[in-house]
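> Here is my input; please provide its structure:
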Amino acid sequence: MTLGYVALGSNLGSPRQQVLDACAALAQLPDTRLLRRSALYRTPPWGVLQQPPFINAVVELDTGLSPQALLQALLSIEQRAGRVRTERNGPRTLDLDLLHMDGVRLDSPELTLPHPRIAERAFVLLPLNDVAPTLSLPGLGTVAQLLAGIDTAGCDRLLEP
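You can find the predicted model right below:
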């Protein structure tokens, strides 16, 4: 079993519900346990700015799945949620990104671990800090250190219902 971290985001349909439903789907993956989920965050769009704000979260999983098998499971969950890939960094019903798997460094056309832009994005680091502030990302530092070095303006922690 390996600890893995997945970022979740949505800004179409019912974003909060999309993220919560995806958490439930992740908890049902074979040979996988959902250990922790961050708070939900409302964050400004990134990349393409003319779109609604996002709801973001991160989960920590304990999984026996390989990185490639986990990636395929994430893509399947996105597809079931109605994800259509039309515009890079554009609006989406659901986005699931495999951020990191303990002890795994990978650079392939399909998957790079740790995620290559993890240190640049407040919408990833804020919720990742909720579940793993002391997680050390190879060559980058801890999540808490990375978060201290970026602008989190416009990112709001949401109250849970």
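> And the helices in the protein, which stretches?
Applying DSSP state H to the chain gives helices spanning 15-27, 67-80, 122-131, 143-148.
> so which of the ones you listed comes closest to residue 109?
For the helices of the chain, proximity to residue 109 was assessed by Cβ to Cβ; helix 67-80 is nearest, at 11.5 Å. Using the backbone N, CA and C atoms, a C-beta is placed for each residue, glycine as well.
> Next, the buried residues of that closest one.
Within helix 67-80, the residues scored as buried using 16 or more other Cβ atoms under 10 Å are 67, 70-71, 73-74, 77-78.
> Which secondary structure elements does it sit against?
Counting contacts by 3 or more Cβ pairs under 8 Å, 6 or more residues apart in numbering; DSSP states H and E, helix 67-80 is packed against strand 2-10, helix 15-27, strand 95-101.
> looking at the protein, which helix or strand is least sure?
Least confident helix or strand of the chain, by mean pLDDT, DSSP states H and E, is strand 106-107 with a mean of 90.
> So what touches that one?
67, 112-113 (Cβ atoms under 8 Å, 6 or more residues apart in numbering).
> Out of these, which comes closest to residue 57?
Distance to residue 57 across the contacts of strand 106-107 (Cβ to Cβ) is lowest for residue 113, with 19.4 Å.
> Give me the pLDDT for the closest one.
On the pLDDT scale, residue 113 is placed at 94.
> Pairing-wise in the sheet, spell out the partners of it.
Beta-bridge partners recorded for residue 113 (DSSP bridges): residue 106.
> you'd agree it is up against residue 103?
No - if you go by Cβ atoms under 8 Å, residue 113 and residue 103 don't touch, sitting 9.9 Å apart.
> and the gap between the residue with the largest distance to the centre of the chain and residue 44?
Going by Cα atoms, centre = their mean, the residue of the chain most distant from its centre is residue 50, 21.4 Å out. Between residue 50 and residue 44 the computed distance is 11 Å (Cβ to Cβ, to the nearest Å).
> who's in contact with the most centrally placed residue in the chain?
Among the residues of the chain, the one closest to the centroid is residue 7, at 0.5 Å (Cα atoms, centre = their mean). For residue 7, the contact set (Cβ under 8 Å, 6+ apart) comprises 56-58, 95-97, 99, 115, 123-124, 127-128.
> Below-threshold pLDDT in this structure: ranges please.
Applying pLDDT under 70 to the chain picks out residues 87, 89, 161.
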